[in-house]
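1. Here is the input, now give the coordinates:
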Amino acid sequence: MKLTKGQAQILADRPTDCIAEALCNEYDWDHDEIELKASNLISGLECQSNPELPDELDEQQLTILEDAITGNTIMARAQDSIDGEDYTSQQYASLCRSLKTLIKKLKTLGCEIEDSWEHYY
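-> Numbers count the residues shown, from 1 in each chain. Modelled structure (predicted):
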């Protein structure tokens, strides 16, 4: 599945160690295994010229992507810095559109994630 730069930036925002910690606390999964899977899946996405996710993902990979969305802080940081040094209003709006489209794409892969206002703040 192809991603835009903005979508890759959103997924790559959540550190893989944070993903592993959150998921290992919620599920009885091996921390190192989850961190490696998260790293293989999302680390460096924002640096790729044509970022992509595999078209078929296992349960853990889907859960990693869900956590990358629900636990990211990029949206809050962007909103806090509108018209500041980091983001303009237009850039924030573009990031919101990227998130909305990314959630739709992840749902087609099998992620059980709802498009909620909570993801934008």
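
2. Which elements pack onto the lowest-mean-pLDDT helix or strand in the chain?
-> Least confident element among the helices and strands of the chain, by mean pLDDT, DSSP states H and E: helix 74-80 (a mean of 82). In terms of contacts (3 or more Cβ pairs under 8 Å, 6 or more residues apart in numbering; DSSP states H and E), helix 74-80 is packed against helix 5-13, helix 89-109. All C-beta atoms are positioned from the backbone trio N, CA, C, and that covers glycine.

3. quick one: low-confidence parts of this protein?
-> Residues of the chain meeting the criterion pLDDT under 70: 83-84, 117-121.

4. 80 - rerun?
-> 81-87, 115-121 (pLDDT under 80).

5. for the residue at minimal distance from the centre of it, what are its contacts?
-> With distances taken as Cα atoms, centre = their mean, the residue of the chain nearest its centroid is residue 11 (2.4 Å). Shown in contact with residue 11 (Cβ atoms under 8 Å, 6 or more residues apart in numbering): 3, 42, 45, 46, 65, 68, 69, 72, 102.

6. I am finished for the moment; much appreciated.
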